[in-house]
Every structure is written in C-alpha cells, then in structure tokens.
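Build me a model:
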Amino acid sequence: MSSATDRKFRYWQNRTLVGAMIGYIAFYFVRNSLSFAIPAMQADGYTKTNLGIFITLNGLLYGVSKFANGILGDRANARVFMVTGLVLSAAANIIFGFGTSLIMLGAVWMANGWIQGMGFPPCARLMTHWFPPEQLATKMSIWNTSHSIGMGLASIGCGYIVTHFGWHWGFFGPALLVLLLAATLWLVLRDTPGSVGLPEIATTGSTGAISKQSFGEFMRFAGEHVFRNPYIWIIAVANFFVYTMRYSVLNWGPTMLTETRHVPLVGAGWMIAAFEISGVAGMLVAGRMTDKLFGGRGARVCLICMVLATLSMLLFWKLWATAPVWLAMLPLFLAGFFIYGPQALVGIAVANLATKRAAATAVGLTGLFGYGSALLTGWGLGKLAQTHGWGVALGAIAATGLAGSLLFAFAWRAKAHGYGDASRPV
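Residues are numbered from 1 along each chain as shown. Prediction:
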C-alpha cells in the first residue's frame, strides 16, 4: 500500500486499539460494583450466601452470553454492538441501585451478566480485523490490560464511593460515567478497515468479504475450525481454572481483607487494584514472550504462567494467617502478575487458531468455560468461607491452579495460528 494509505492505516489501528481499551474498561465499571457493595449490603441484612448466588448466576449468564454473542459478534458491527452493551449495562446498574427486594436485585444482576457478554466479542472482532496474526499477541496483550486497568480503577473508585456515599451510589456513579464513555466510543470506533476505505488485513486463507458470507457458510467454517479443533477445547477448559483463580480474588478479596485483617474498605480497594496493576505488567510480558520467543504459540506461555501463579497462591495461602499484611500481599501481587498472562493469552491463542473469520466465536467458547467458574467463585467460595473459614477457601483457590497447569500442558503442541488450515475448503 502507498505511504499515505499506510499512515492512515496506522492511525486507525492506534485509534481502534485505544477505543477498544476504553470500551472494555467501561464494561468493568458496571460489572464488579457488587464485590465492593457486599460489606455494606451485609449490614442491611444480606448474607454472603445470598450475594454469592448473585455472583454465581451473573457469572454463568455472562459465560453463556459471551459464547452466544461471540457467534453474533463475528457478523455484527463491532461499534454498534459495544455501545449498545454499555448503555444496557449502565441501565441495569442504575436499576440495581434503586432496588431493595432480594428477588428484584437478583434478577437485575442476572440480566447484567447477560449484557456484559456483549463486551468481549466486538473487541475480538476489532483486534483480529485490524491487526495481522504475527502482531496479535503483542497488540492484544496491550488491549488486554484494559481488564486490569478497568478493575483497578473500579476497585479504587467503588471503595471510595461505597465508603462515603453508601452502596447504592456504588452502582449509580459508575453507570453515569459509562453512559458518557459510550457516547464517546460511538464517535471513535469503526468496524473494519473496509468501513473507512482501507484494505482488509491480508492473511492466508481469508478474504476481505467475511461479513458477506451466509450464516450457513459461517457455521460450517466455525464447525471445522472451532468446534472440531481439540486444542481450542483444551484451552477453553483450562480457562475455567484461570478464571477461578482470578475471580476468587476479585469477587471475595475485599470481604476477605476486611473480615480477616480488618483492612478498611478503601484500603482493600487499593490492594485489589495492586493485584490488577501487577497483572498489567504480566500481560505485556506474556504477550511479548509469545510473539518473540515462542513464535506465537500462546498455550506454551500459558503453561509457564499458570505454574508460577499456582506457586504464588500456595505461598500466599501459607503466609496469610501469620505474616504481616504487607508481606502476605507480596505473593498475591505475584499471582496477579502470572495469572493475567494466561487470562490474556487464552483469547489470543484461540482467536489465531480460529482465524479472524471465527475469532469471536472461539473466544466466546473460552468465555463459556471461564465464567462457568462462577459456580466456584460465587456461591461455592462464599459458602466455603462462611462454613470453614478463609484459610480453607484460600487452599481451594490454590488447588485449582494445578488443574489448569495440567490442561495447558496438553495444549503444548498447538499451532501458532490456523490460517494455513483455513485455506482448505470446508
């Protein structure tokens, strides 16, 4: 392409990357408010078990929605899809903030779980359409820092808001901000290079007219390159354990810190934010390693990171009860650094294996398993902590890392991408 076209392409690549990051950060503002409202809501008579059920149902519906919306997201306009999801999730948070009935609160939080599934698929579409596979691990790991940035900002913000204004405003405040961000994204984002007059990314086995294929043609392609690819299934199941470790800390960390070490909620927010910030560094390192040292084979880096995350959680479990808080938190921050490697790379690995024609579908499948972990990280962990204490609960979290490590080991031989296979007729 000409130098002028190349400059325009790079401008839109950077604009899309920043816009997708802002969009996913915004989804976090209206996703995890409940985690920081739990201590205050317990004072109003709600129990860990009840609130844990909310978290479980929200997570399960999010996983199913991420899968279903992944299929839609491969064929939908990413800009429209993302903005619609943000507006609907903000509305759900506002309704939750006004609620008092347990049944009503549960129903609204379940609905928000489904709506949240509209966040990742448009990002997967944007990233795989704007960046070639040999750059995807590096670029998508940069995008993936939006998980940690979003959760970190939400942790700090919600901690302050709930402390000073009550748990209701922990839902109102983020929702109002997200509505403003949704309007901004409508102006910033575009769907594919073709929508701004640029050529599509050239990759073996793909065409520039992906959106014009019939639904039947798309499902035949997805059946061959996603649902009958054993490595995508192995990585998807491993993602269950990645998310179990990650969301156990995010969902219950504030409550654990306030109850066992009497850390103020604001301080707990900063500690969870530190877990996320260490994860930002972990994502960037893992993405760079994947492209530069492992030739794009993300499953191999996932194995290394998962083993180290498991060791870090075991150390945190052993230190938590007796060591000073600052010392006990160090291995938790290390766990954040390592767990966010596979958290970022799982989506990248399956997106490359499925190619950009079915990237959102493949990522949605991993989300289905990832958020199936809500059975453990919501009701299961809440019940375990309430019945047997946080020591047993922390040991259970550490144990899940071993299972995830074993599964990633089975995916060691997975290819870097599936574009060569995609050139074969289905």
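
What are the buried residues along stretch 314-322?
By 16 or more other C-beta atoms under 10 Å, the buried positions in stretch 314-322 come out as 314-317, 319-320. C-beta coordinates here come from the backbone N, C-alpha and C atoms, glycine included.

Likewise for stretch 230-239?
In stretch 230-239, counting by 16+ other C-beta under 10 Å, buried: 231-239.

same check, this time on stretch 101-113
105-113.

do the same with stretch 354-364
Here stretch 354-364 shows 354-364 as buried, counting by 16+ other C-beta under 10 Å.

what does stretch 238-247 give?
Buried residues in stretch 238-247 (16+ other C-beta under 10 Å): 238-247.

hang on, the earlier thing: which of the buried residues of stretch 314-322 fall in helices?
314-317, 319-320 (DSSP state H).

Output the buried residues of stretch 314-322 in TSV; the columns should cover pLDDT and distance to T255.
Shown next, in TSV, are the buried residues of stretch 314-322 (pLDDT from 0 to 100; distance: C-beta to C-beta, whole Å):
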residue	pLDDT	distance to T255
L314	89	22
L315	90	22
F316	85	16
W317	84	17
L319	82	19
W320	77	14
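
Show me which pair in those is furthest apart.
L314 and W320 (11.0 Å; C-beta to C-beta).

need the contact list for the closest residue to P133 other than its chain neighbours.
Among residues not flanking P133 along the chain, H417 sits closest, at 4.6 Å (C-beta to C-beta, 6 or more residues apart in numbering). Listed by C-beta atoms under 8 Å, 6 or more residues apart in numbering, the contact set of H417 reads 133, 296, 352-353, 355.

got any ranges where the stretch 151-300 of the chain has weak pLDDT?
202-214 (pLDDT under 70).

What are the boundaries of the helices in it?
Using DSSP state H, counting those that start in this stretch, the helices of the stretch 151-300 of the chain run over 169-188, 215-222, 230-260, 265-292, 298-320.

Any chance of CSV for those, columns distance to F98?
Shown next, in CSV, are those (distance: least, C-beta to C-beta, whole Å):
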stretch, distance to F98
helix 169-188, 9
helix 215-222, 39
helix 230-260, 23
helix 265-292, 22
helix 298-320, 37
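
what's the closest non-adjacent residue to G159?
G269 (2.6 Å).

likewise F333?
S278 (4.5 Å).

Double-check the one you found against G336; I have them as touching.
Yes. Assessed by C-beta atoms under 8 Å, S278 is found in contact with G336 at 4.2 Å.

Who has more neighbours out of the two?
G336 (27 against 21; other C-beta atoms under 10 Å).

Name all residues that make contact with that one.
Taking C-beta under 8 Å, 6+ apart, we find G336 in contact with 148, 249, 274-279, 282.

Does the residue nearest to P133 fall in a helix, a strand, or a coil region?
Secondary structure state of H417, per DSSP: H, G, I helix; E, B strand; the rest coil, is coil.

Report how many residues lie close to the residue nearest to L319 when sequence neighbours are not counted.
Of all residues not flanking L319 in the chain, A328 sits nearest, at 4.5 Å (C-beta to C-beta, 6+ apart). Summarising burial for A328: neighbours were counted as other C-beta under 10 Å, giving 18.

and what of P132?
So P132, with other C-beta under 10 Å, has 14 neighbours.

Same check on the one 3 residues further on?
Around Q135 sit 15 other residues, with neighbours defined as other C-beta under 10 Å.

And G166, by the same measure?
Count around G166 with other C-beta under 10 Å applied: 14.

Show the contacting residues for it.
A40.

Next one: it relative to W270, how far apart?
20 Å (C-beta to C-beta, to the nearest Å).

One more: R125?
35 Å.

Same question for M140.
Counting by C-beta to C-beta, the gap from M140 to W270 is 28 Å.

Just read off the phi/psi values of G197.
phi 80, psi 20 (degrees, to the nearest 10).

do the same with the one 3 residues further on
Main-chain torsions, E200, degrees, to the nearest 10: phi -70, psi 160.

Help me confirm that it comes into contact with F131.
No. The criterion here is C-beta under 8 Å, and E200 misses it with F131 at 11.9 Å.

So the two - more neighbours on which side?
Taking other C-beta under 10 Å, E200 and F131 do not tie; F131 has more neighbours (20 against 16).

Hmm, I201 and the more buried one touching each other?
Yes. Counting by C-beta under 8 Å, F131 touches I201, with 7.1 Å between them.
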